[in-house]
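K.L.:
here you go, sequence then predicted model.
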Amino acid sequence: MNITDSKPTVAHPRSVEQLVAGQATSDGAGVRLTRVLTNQLQRRLDPFLMLDAFGSDNPDDYIAGFPDHPHRGFETVTYMIAGRMLHRDSAGHEGLLQNGGVQWMTAGRGVIHSEIPQQEEGVMEGFQLWLNLHSSEKMSKPWYRDFQDSDLPKFVTTEGVAVTVIAGESHGVAGAVRRDITDPLYLDIHLPAGSRFSQPLPPGHNAFIYVYRGEVSVAGNRVPSKRMAILTNDAQTDGVIIEADVEAKLLLIAGRPLQEPIAQYGPFVMNTEAEIYQAVSDFRDGKLGEAA
């Protein structure tokens, strides 16, 4: 982990447009989680489709995991901060996601996969983000990669802020993944009490933070734990400044909107209803997870 004294200038920071608490729900075979970014926010936070936060030390909340299920038309980014999850898919990929690791999967034209916890006790905690694909990429070949904690670029600022760069670039440090069209930024930021962190953001990108420990303030707006703060979009802004009076941990996520129609039916996200019908048909006919 490198120490950086790079201090990007943010002269006109974004503010908080809205605080979101998320909705308690379950998915897979009964895994309890909080859906922070819901369908109602997909247009506002384009190109992001969903953010789930899960965390429990009760095995009954997670032990059954997510048995075989299909995806088409988007990418999933799973970030584990505690626990272990085994991934297998119809494209022949398999990987064990462990503490601090990230699984990045491009479903593209279609994949069937499972995510099963590899522990019977202890804490299981993490996040899954769904990132939309441009219409030109929705039927692309599936892609998958596991990044262990040691694979992810990290740095510490002179104020002691520790940052993991999952995607994009921060303070001159390039992340593990880059995408040309959506240009996603995905940072895990740990702020000591009394510190601040500045991050430039293109004014056209949609952006939000999710605080999962402690609390922070953005432009004088308090953001408590377990809340998502949607950041304002203003052509005059050039980034965000996050301040912490107490120790805090959060995700900062931003991306270039696709501005395309969104047609979704469960695990299929396309641009038209006809494409959704085709995805459902391909899945029923056993064609969705076929190798090209």
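P.N.:
Noted; the coordinates are in hand. Numbers count the residues shown, from 1 in each chain.
K.L.:
contacts only, for the nearest residue to residue 102 once chain neighbours are set aside.
P.N.:
Distances taken as C-beta to C-beta, 6 or more residues apart in numbering put residue 147 closest to residue 102, at 4.5 Å, once the chain neighbours are dropped. The C-beta positions use only the backbone N, C-alpha and C, and glycine is treated the same way. Counting by C-beta atoms under 8 Å, 6 or more residues apart in numbering, residue 147 makes contact with 101, 102, 103, 104, 166, 176.
K.L.:
now swap in residue 37 and tell me
P.N.:
Residue 37 is in contact with 20, 45, 48, 49, 50, 51, 129, 208, 228, counting by C-beta under 8 Å, 6+ apart.
K.L.:
and what of residue 186?
P.N.:
Contacts of residue 186 (C-beta under 8 Å, 6+ apart): 77, 129, 165, 166, 167, 168, 175, 177, 251, 252, 253.
K.L.:
do residue 74 as well
P.N.:
49, 107, 130, 131, 132, 133, 138, 269.
K.L.:
repeat the analysis, applying 6 Å as the threshold.
P.N.:
Taking C-beta atoms under 6 Å, 6 or more residues apart in numbering, we find residue 74 in contact with 107, 130, 132, 133, 269.
K.L.:
likewise for residue 167?
P.N.:
Counted by C-beta under 6 Å, 6+ apart, residue 167 has contacts 175, 177, 184, 186.
K.L.:
now it, nearest residue through space, not along the chain?
P.N.:
residue 186 (4.1 Å).
K.L.:
for the one you found, pull up the helix or strand it's in.
P.N.:
strand 185-191 (DSSP states H and E).
K.L.:
direction included, what does that strand pair up with?
P.N.:
Applying DSSP bridges to the sheet, strand 185-191 is found paired with strand 162-167 (antiparallel), strand 248-255 (antiparallel).
K.L.:
need those strands in a markdown table with distance to residue 59 and mean pLDDT, can you?
P.N.:
A markdown table is the format used below for the strands paired with strand 185-191 (distance: least, C-beta to C-beta, whole Å; pLDDT from 0 to 100):
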| stretch | distance to residue 59 | mean pLDDT |
| --- | --- | --- |
| strand 162-167 | 27 | 98 |
| strand 248-255 | 24 | 98 |
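K.L.:
so which of those is the most surrounded?
P.N.:
strand 248-255 (a mean of 24; mean count of other C-beta atoms under 10 Å).
K.L.:
state the next helix or strand along the chain beyond that one.
P.N.:
strand 263-265.
K.L.:
right, and residue 106 touches residue 75 too?
P.N.:
Yes: the pair residue 106 / residue 75 is scored as a contact, 4.8 Å apart, by C-beta atoms under 6 Å.
K.L.:
of the two, who's got more company?
P.N.:
Using other C-beta atoms under 10 Å as the criterion, residue 106 and residue 75 rank with residue 75 on top: 25 against 21.
K.L.:
tell me the contacts of the more buried one?
P.N.:
106, 131.
K.L.:
go through stretch 251-267 and flag the buried ones.
P.N.:
251-258, 260, 262-264, 267 (16 or more other C-beta atoms under 10 Å).
K.L.:
straight-line length of stretch 128-145, end to end?
P.N.:
Using C-alpha to C-alpha, to the nearest Å, one end of stretch 128-145 lies 15 Å from the other.
K.L.:
tell me which residue lies nearest the centroid of the protein.
P.N.:
Closest to where the C-alpha atoms of the chain average out (C-alpha atoms, centre = their mean) is residue 129, at 3.2 Å.
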